[in-house]
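Student: Let's see this in three dimensions:
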Amino acid sequence: MPHPSSHIHPAGSPKVRDSDWAAWNTAWTKHVKVLTGRTDITVTVAPGAAGDADACFYPLEKRIEVDAVHIGDDPKAANPARAAHRKVVPTAYGLLVHEAAHAAHSGWLTPAGTPPIVAAAADLLEESRAEGRQRGRRRGDRRWLRHTVNTLLNADEAPVDDAWHAGHLAGLLLARVDARILTAKDVRTIRGAVLTVLGTKRLKRLREIWKTAHTVADDDADTMIDLGWQWCLALGIDPLQQYQIPAPDPGEFAGQLAKALTDYLAVVAGITPAEFIAKLIADRHAAPATWRRRDPTVDEHQAARQLAARLQAARSHQPEPDTKPSLIPPGRLRVRHAIAADAQRDAGGVPTAAPWQQRATLPPPKPTLRIAVLVDTSGSMRTYAKPLSSAGWILNTAAHRNHAATATIAFGSTATLLVPPNQRPTQVLDISPGGGTSAFLDAVKLADQVLDMRQRGPLRMLAVVSDGDLDDIPAGQKLITTLHRSGCTVLWLRPAKLSGHTFQHTTTLTVASPVDAIDQIAAAAVTTLENA
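Tutor: Below you'll find the model as predicted:
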């Protein structure tokens, strides 16, 4: 869902009507009279309508635009003149209802000179206020409004755990509970995360503000702007000092707000949070169509077997005395298990309980090893692309055989996940080098997302193969420091002939060739296991 201010504009260039969607324009222009109680509103439905938003209301031009992408490629997918079409295109119809709510009840415009951050806060409050008024007039519209909120809510609405984004999430979802669009049960996880970030006192104050907004007259701009000021001050933000809308710190990882939002969206989609994240990553970080997949060579298979053997040996070194259950003596009798075995025999079954406990020499248990390999695909790293594509397959295959989890991520202008963790790759994905290094931050955050790199307990290592010549070095350093402080080892491998920035809190090594880089990553993985 776009930021609220992106779909209410005083004026805009008229959208060229697509003749293929004429039936929708006619039917919805007629129907919007029922939704708004106004006879002067026109509706335009077309591919690409509404600019950057999904739908938009232009109050000065008395026009609503809806992007036809939410209906589909075929204008004849449903008959807009019949009421049944709403069930066929519930998201698009919900957008129409939402914009109709603004047409009917958003009768104020932001005064000139208002600080952008205050205008954004007032627009946020207007979302639930207008929808609440619409529901008050037409109770049945709640169904469509609720569906559209859930369907178009963006997973990136809360990228960091700061006061502004916590307040933004509260205004988008918690305020809609008091507007009777959503239910308290719907937003239970969201409320918990917002409460953790803001605290009870500030969240209570925000609720007082949005409940006051729900009582404001449709044309009372002064009060809505005043509430926007109060919203900022309640969050500890002085609009005279912080004039613009706060941007998320690129050097911070997503936190509790993002997790709660993911859980919320997963429930809406009817899937688990893990499945939702996997789908999101597949949509955003899939390999470009130009990257070639091929079958692994004999040498790559052999290298994978050798690395797997090294990892296995590292996991099972230095046997130590331990205990193990046994079906037969000698050993120490475990009375509870002996009784369970007798009961299983009396029931006519095969005993599975092990009544005896024996001393034995066993290898010590090893924690899970998690390795993320980040590969720089910029032009200066061209010679490393193909060998490290091979290394990604070898590492993932060897790790799959040793209860380890690895992920190889290429970063250039975008971050690409070559092979997801816990999946045995059947083919090698050859990286095509090119582009800059702007996606390094996204690559580090993606590694954390798929492997929980900040989670204490498992052995964790982030290996970066790059010259370190990045676009945003301070933000990159901040992410690396966060990983380091959580106990994650950061190994930085820099080509010998390339100069670049040296990051703190990393083990930085110079490598002479791509093969040397691969050997260093494998050796570091083995050493990490041996020292566990």
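Student: what ranges do the strands span in the protein?
Tutor: 42-46, 55-58, 63-67, 293-294, 320-326, 332-333, 356-362, 369-376, 405-411, 415-419, 428-429, 459-465, 489-495, 507-511 (DSSP state E).
Student: Looking at those strands, spot the one closest to residue 117.
Tutor: strand 55-58 (21.8 Å; Cβ to Cβ). C-beta coordinates here come from the backbone N, C-alpha and C atoms, glycine included.
Student: Can you tell me how far the residue of the chain positioned farthest from its centre is from residue 456?
Tutor: Relative to the C-alpha centroid of the chain, counting by Cα atoms, centre = their mean, residue 330 is the outermost residue, at 54.4 Å. In this view, residue 330 and residue 456 are 40 Å apart by Cβ to Cβ, to the nearest Å.
Student: Residue 420 and residue 293, how far apart?
Tutor: Separation of residue 420 from residue 293 (Cβ to Cβ): 15 Å.
Student: between those two, which one's more packed in?
Tutor: Taking neighbours as other Cβ atoms under 10 Å, residue 420 and residue 293 compare with residue 420 leading, 17 against 11.
Student: can you pull the contacts of the more buried one?
Tutor: Counting by Cβ atoms under 8 Å, 6 or more residues apart in numbering, residue 420 touches 278, 281, 407, 450.
Student: Using CSV, lay out those together with pLDDT.
Tutor: Formatted as CSV, the contacts of residue 420 follow (pLDDT from 0 to 100):
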residue, pLDDT
278, 89
281, 91
407, 89
450, 91
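Student: I am assuming the residue farthest from the centre of the chain contacts residue 357, so please confirm or correct that.
Tutor: No: with contact defined as Cβ atoms under 8 Å, residue 330 does not count as touching residue 357 (10.2 Å).
Student: Run through the stretch 401-532 of the chain and note the low-pLDDT ranges.
Tutor: Scanning the stretch 401-532 of the chain for pLDDT under 70 picks out 532.
Student: Find the nearest non-adjacent residue to residue 24, please.
Tutor: Excluding the flanking residues, the one nearest residue 24 by Cβ to Cβ, 6 or more residues apart in numbering is residue 45, at 4.1 Å.
Student: now that neighbour: how far from residue 63?
Tutor: Residue 45 is 12 Å from residue 63, by Cβ to Cβ.
Student: Same check on residue 385?
Tutor: For residue 385, the distance to residue 63 (Cβ to Cβ) stands at 50 Å.
Student: For residue 121, find the nearest of the strands of the chain.
Tutor: The nearest among the strands of the chain, by Cβ to Cβ, is strand 55-58 at 19.3 Å.
Student: name the helices or strands packed onto the closest one?
Tutor: Counting contacts by 3 or more Cβ pairs under 8 Å, 6 or more residues apart in numbering; DSSP states H and E, strand 55-58 packs against strand 63-67, helix 90-105.
Student: ok, residue 471 touching residue 436?
Tutor: Yes: with contacts counted by Cβ under 8 Å, residue 471 reaches residue 436, the gap being 6.5 Å.
Student: Looking at the two, which one has more neighbours?
Tutor: Neighbour count, other Cβ under 10 Å: between residue 471 and residue 436, residue 436 has more, with 16 against 12.
Student: Look up phi and psi at the more buried one.
Tutor: Backbone geometry at residue 436, expressed as degrees, to the nearest 10, gives phi -100, psi -150.
Student: list the contacts for it?
Tutor: Contacts of residue 436 (Cβ under 8 Å, 6+ apart): 378, 412, 413, 471.
Student: Which residue, other than its chain neighbours, is closest to residue 223?
Tutor: residue 216 (4.9 Å).
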